Every structure is written in C-alpha cells, then in structure tokens.
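1. here is the input, now give the coordinates:
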Amino acid sequence: MKPTPRFRPFLAACFLLLPILLAGASNAAAASRAAALASAMSLEEKVGQVFMVWFEGAAVGADIAGLIRDRHLGGVILYTAPGNIESPLQLAGLTAGLQQQAASGRGIGLLVGIDQEGAPVDRLRRGFTVFPSQMALAATGRADLAGQAAASTARELRAVGINTDFAPVADVNINPANPVIGIRSFGSNPADAARFAAAATAGFVGAGVVCTPKHFPGHGDTAVDSHVGLPRVDHDAATLATVDFPPFRSAFAAGAPAVMTAHVLAPALDPEGMPATLSRNVLSGVLRGRLGFDGVIFTDSLGMGAVAATYGTPEAAVLALAAGADVLLIGADAGRPAAERLEAMDRVAEAVRSGRVPLSRLNAAASRVLRLKERYGLLDAARLATPPAPDIAKRVGRPEDAALARRIAVRSLTAFDPVGAVLPLPAGSATLVVRPRLGRDVIDAEAEAAIAAWNGPRTLFLPTDPDEAAITDAVHRTREARDVVLLVTNARSRTGQQRLAEALSAATPGRFILVAAQSPYDISILPPAAVRIATYGEAPASLEALGRGLFTPFQFAGRCPADLGGQGNAPAARP
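-> Residues are numbered from 1 along each chain as shown. Below you'll find the predicted structure:
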C-alpha cells in the first residue's frame, strides 16, 4: 500500500534514524563483548592487557611471541633502534605477524604503538611522509593544516598495521632551555597550543588511529630531560590551569581517546613528591577528577631515567597502576634490560594478589583497554592479521602527502629581519653554507641530501660542537665566498656553535645569514646577522623550503610561535 502524504514525513524520519539505531545496537553489542571479555579473564590475562612493551627484531621472534602467547600481552611499541623498522612492506608484515600471534587464545588484538609526531621525532622515515615539526605547524598559523597532517600520518600508520600514535605533544614550551620538548611543542602560547592540539587530535580520531596527547600535566617548563633525570615543574595551581592544562582540555574536548603522562614532579599537584606518572593525586585526583577525563591513561616509558633510576621499572609499574594509569608502557630505553618486562608483569600480579593494588583498580584498567580496542575495531586479532598488500609502498609516502608537507614547510619559514636587500642569494659557488651536524645519523643524512639539492652553493659540514681548529678553517673558507649561511643545530647547548656564529658574523659583516635550523630559541643568544631565519627543524620539506627562501624570490609568511624574549618576530596569533 502506498503511504499517504500524511505519513511520508514520519517514514522519512524513520529511514534517517535507522542507521543511527543500528549503529547504536552494534556499539552496544561490541561494548557488551568487551565487558564479557573483561569479566571472563584471569588475573594474569588482565595484567597482560595493561602492558605495552618493546621487543627486538624486524620479524616476530620467540621472545615477543612468548610474551603475546604466554603473558597475554595487550600491546607493543615499535622503535628503530631495536630493529623493528626497515621498510613499509617489512613493517606491515611484522604487525600482521604480531596480530597473528594474538589471534590464539581469546584472540584479542594488540595495540601497536609508535612515536610519529613529525620532525624531529618520527620513527618512520624512509618511504614515509616526514612532516615538519609541531612548532613549524604552529608557525603557519593554520590549525587546519595540523589536522590534515595528523590525518595523513594516521592513514600511513594504518596502512602498515599501526593503530596507536603517541602524539600530539600538548606541552606548552615556555622554557627556552627545555632539553626535550622545544620544537616538538606547538609553542609558548597556551591558546594557540590548545587550538592546534585540538585540530591534530581531531585529525587522528577522524582517521581511526588512537592518539595520546602528551605529556600530562605538562613538560613544557622543564630543564631536565626525563629520559635521564626527574624534571620539576614549579608552576602554582593557577599557572597550571592557565598555561599547562588548556591544550589537554582542548584535546579531550576534540575526542582524544587516551592521554600520556609525564615523569615530572609537580609540587602544586602532589605535595608528597611523587612523579606525576606515579601520583594518585595527579592521575586520579586531577586528570580523572578535576579535568573529568575518562579515556585511557598511558604512562610514558617506565624505563626512562626519571622513574627507573629511582624506583626501578617493576616497582614503577606497580605504583603507576595503583595511581590510576591503565597502560604500563615499557619502551626501549638505553641501558634497561629486556628482563624488566617480565619482572614488571610479575611484580604487578603479585601486588594485586597481595592486595597492595586493589583488584578493582586492575579491573578498571583492563576494562578501559578493552573498551578502547572495541572502539577502534581491535578486539578481533584474526581480522587484523591479514598479510600486507603487494602495493603497500604506494599507500605511504604518497605525492599528495609530500605536497602537504611542502605546503606546511613553505608557510612556516620565518624571517626575523627584512630580507629585500639581502635575498635571494645568487645561485652557485658564491655562497658558502656551513652546518654543524646534529649528531643523529638519519637526520644528518637527510639534511645534507636536501642541501645538496640547492642551487650549487659550496658546503661545509662540521662536528656537532666545533672546536677552534674547525672554526678557524670555516672563517678561512669565507674569504672565497660572497655570502655565508650558517645553519645552527641547537646552539644553546653547544658552545662551539655559539663561537662559530660569532666568528662568522665578525668575519662577514652584512653578508652573514643565520638559520636556526632546529630551535628558534637560538636566535636570542647568537650574534647579529643580515638576515635571521627559523625552519623549526630539518625535515626534508623544511630544508627544501629554506633553499627556495635563500635562492629564489620568496615571501616569508611564518610567524614564530615561541616567545624569544622580544627578539624580532612576534608569536603567531592568526586564525
């Protein structure tokens, strides 16, 4: 029977609501499956689910296979140093093999995580898109570009079987001497950092990859690298609320499913002196209570010196779980033995059996992990264990993604002085380009290859911290050059680079161009130059843009998102 006009709007509404009702039923079924899995698990299975650990090798070996099979491991983290990453095809085969191991038993899929923030912290480089740093993104003034870069990164990760990215960095970098955050941050302005953190989070979430804004409660005003020591943040409650928390609040509002903690002391939040990762006051009181975050809390690696050197990794795992963490991450930290992974699992299981850690706390953590896996389609390991597609190399490093990286780099390039009387430089050997190496082989190789593609300048690559003989030689070589370009690589911590800049500035007045190729904070401590430029890192796209800026007519559109103490360009504040 044909519906009458009177009932057509009602039927149309029903048809529109049908997909929503079906999706709701599907979600309810999946949620009930996660709950059923959690209730059926043994204590050992729950302990396994809350651990994410590193392993060695480019293929599934006996070590990691045993942890997945016998310890019911919930996740793995991938690194270059232990040999996990060789090529897109190899990586896709590795992740499929890991999920195949997980398909036995209860068949719960693994969280497969990696640090892919953008330069300089990109584990995936060869064959993948290396985006400019977060600070470069902020220098464009375009938060939508941060969202696009995150979505592109997420698509590449999914193509090779990685479902979790430890990004974006939500720290507000207000300490110029911060040794570990710097250009990884969106800058020193909390409102801008919040806007970009939200955009990046939305990009990851929309592309179906778990993201973890980090490092809560904030690592931006520290002077110690938590990989080697325990930093201290002396912000009072009001400063934490107005400086450190806004990017996290913004990321949570954008749908962040998880967060990563910081190994920092924050006396305003925990007067008892516990690092944030191990602090019930910080995790359960502030993060869960005051900020209302109900997603998954990942620890930063419990093998880092900030906690491992004081508490030991196994004990830190117990303390972190008791404090409110849900995923206990043990990364490939220098000097930490592989045996600590098993020791930590055993210590946590013992702590729960003895009542030191309530069983309810472990249950809550395991349930959150399972709900996260349900939300991202990771409960069924067998479905995730499909062999890599033959054309996997064409699914990453796509031309359109490379074009996006170049667009970001071009918009981010920042000049702190008028350039019209100095740039562009003439092509050819009249220009000498001097670059002290950063000391990271992959980045140095990429940077030198990018500079080799410029318009034929002479080049001089020096040690990371040049001595007087190297400086004297560099000054001698300037006599044959019309212009001199110096790319400093974190000169604040390298006095040899500071002396090099002073010597070149004095030897070539009016012809000296200074490039802060890593940290823009170097601008504020180095001598005058005819033109000062910041690239916010040496991603290949950023150095390609720099070559254009130096040797072709170019409009420098970037605005520095870091407070340099009144040195030239003001912080970015564009919509």
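2. CA only for contacts and neighbour counts going forward, please
-> OK.
3. start and end of stretch 52-62, how far apart?
-> The stretch stretch 52-62 measures 17 Å between its terminal residues, going by Cα to Cα, to the nearest Å.
4. contacts for it next, please.
-> With contact meaning Cα atoms under 8 Å, 6 or more residues apart in numbering, stretch 52-62 is reached by 63-64, 73-79, 82-86, 90-91, 93-94, 97-98, 111, 327-332, 338, 341.
5. looking at the residues you listed, which are in strands?
-> Members of the contacts of stretch 52-62 lying in strands (criterion: DSSP state E): G75, V76, I77, L111, L328, L329, I330.
6. which residues does the third one contact?
-> For I77, the contacting residues are M52, V53, W54, F55, V112, G113, I114, G331, by Cα under 8 Å, 6+ apart.
7. now do the SS call for the residue most central in space within the chain.
-> Compute the mean C-alpha point of the chain, and by Cα atoms, centre = their mean the closest residue is E117, 3.1 Å away. Applying DSSP: H, G, I helix; E, B strand; the rest coil to E117 yields a three-state assignment of strand.
8. now the one 10 residues further on
-> Recorded secondary structure, G127: coil (three-state DSSP).
9. before we move on, the earlier item: and the residue nearest to the centre of the chain, what is it in contact with?
-> If you count contacts by Cα under 8 Å, 6+ apart, then E117 has S133, Q134, D165, F166, A167, P168, V169, R184 around it.
10. among the residues you listed, which are located in helices?
-> Those of the contacts of E117 mapping onto helices are Q134, per DSSP state H.
11. ok, of the contacts of E117, which one's closest to G208?
-> Using Cα to Cα, D165 is the member of these that lies nearest G208, at 10.7 Å.
12. my guess is that closest one contacts I114. True?
-> Yes. D165 lies in contact with I114 (Cα atoms under 8 Å); the separation is 5.3 Å.
13. more neighbours, those two?
-> The residue with more neighbours, out of D165 and I114, is D165; 24 against 20, by other Cα atoms under 10 Å.
14. span of stretch 515-533 from start to end?
-> End residues of stretch 515-533 are separated by 5 Å (Cα to Cα).
15. now that stretch, how far from the chain's geometric center?
-> Distance of stretch 515-533 from the chain centroid (Cα atoms, centre = their mean, to the nearest Å) equals 25 Å.
16. and for stretch 429-444?
-> 24 Å.
17. if any of the contacts of stretch 52-62 are buried, put those into a PyMOL selection.
-> Selection of the buried residues among these in PyMOL, burial being defined by 16 or more other Cα atoms under 10 Å:
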select buried, resi 64+73+74+75+76+77+78+79+84+85+90+91+93+94+97+98+111+327+328+329+330+331+332+338+341
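18. show me where the stretch 301-450 of the chain has its strands.
-> 328-330, 414-415, 431-436 (DSSP state E, counting those that start in this stretch).
19. could you dump those strands to JSON lines with mean pLDDT?
-> What follows is those, written out as JSON lines (pLDDT from 0 to 100):
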{"stretch": "strand 328-330", "mean pLDDT": "98"}
{"stretch": "strand 414-415", "mean pLDDT": "98"}
{"stretch": "strand 431-436", "mean pLDDT": "98"}
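20. most neighbours per residue, which of those strands?
-> Highest mean neighbour count among the strands of the stretch 301-450 of the chain (mean count of other Cα atoms under 10 Å): strand 328-330, with a mean of 27.
21. which residues sit against it?
-> By Cα under 8 Å, 6+ apart, strand 328-330 touches 50-54, 298-303, 313, 317, 320-321, 341.
22. go again with 10 Å.
-> Outside strand 328-330, the residues that touch it by Cα atoms under 10 Å, 6 or more residues apart in numbering are 47-55, 74-77, 260, 277, 297-304, 313-314, 316-318, 320-321, 336, 338, 340-341, 344-345, 365.
23. okay, and the common contacts of D165 and I114?
-> I77, L157.
24. my guess is F512 contacts A530, does it?
-> Yes. Counting by Cα atoms under 10 Å, A530 is a contact partner of F512 at 5.7 Å.
25. which residues are in contact with each of these two?
-> Joint contacts of F512 and A530 (Cα under 10 Å, 6+ apart) are V422, S505.
26. the two - which one has more neighbours?
-> F512 (25 against 19).
27. P217: which of the strands of the stretch 301-450 of the chain is closest?
-> With Cα to Cα as the criterion, P217 lies closest to strand 328-330 of the strands of the stretch 301-450 of the chain, at 17.2 Å.
28. returning to what we had before: so which of the contacts of E117 sit within strands?
-> The strands, defined by DSSP E, take in D165 from the contacts of E117.
29. any chance of a ChimeraX selection covering the buried ones in the contacts of E117?
-> Burial among the contacts of E117 is assessed by 16+ other Cα under 10 Å; the matching ChimeraX selection reads:
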select :133,134,165,166,167,168,169,184
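30. and which of the contacts of E117 is nearest P399?
-> Distances from P399 to the contacts of E117, taken by Cα to Cα, are shortest for S133, at 19.2 Å.
31. show the contacting residues for the closest one.
-> 117-122, 139, 182-186, 408-409, 412, 518, 535-539, 542.
32. so of these, which ones are in helices?
-> If you go by DSSP H, those have A139, I408, A409, S412, S542 in helices.
33. ok, of those residues, which come out buried?
-> Buried members of the ones in helices among the contacts of S133, scored by 16+ other Cα under 10 Å, are A139, I408, A409, S412, S542.
34. got TSV for these, with pLDDT and distance to R290 too?
-> Shown next, in TSV, are those (pLDDT from 0 to 100; distance: Cα to Cα, whole Å):
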residue	pLDDT	distance to R290
A139	98	32
I408	98	36
A409	98	38
S412	98	36
S542	98	40
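35. now, which of these sits nearest F245?
-> Closest approach to F245 among these (Cα to Cα): A139, at 21.1 Å.
36. just to revisit the earlier point, save the ones in strands among the contacts of stretch 52-62 as JSON lines, and put in distance to V233 too.
-> Formatted as JSON lines, those follow (distance: Cα to Cα, whole Å):
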{"residue": "G75", "distance to V233": "30"}
{"residue": "V76", "distance to V233": "30"}
{"residue": "I77", "distance to V233": "28"}
{"residue": "L111", "distance to V233": "31"}
{"residue": "L328", "distance to V233": "23"}
{"residue": "L329", "distance to V233": "23"}
{"residue": "I330", "distance to V233": "24"}
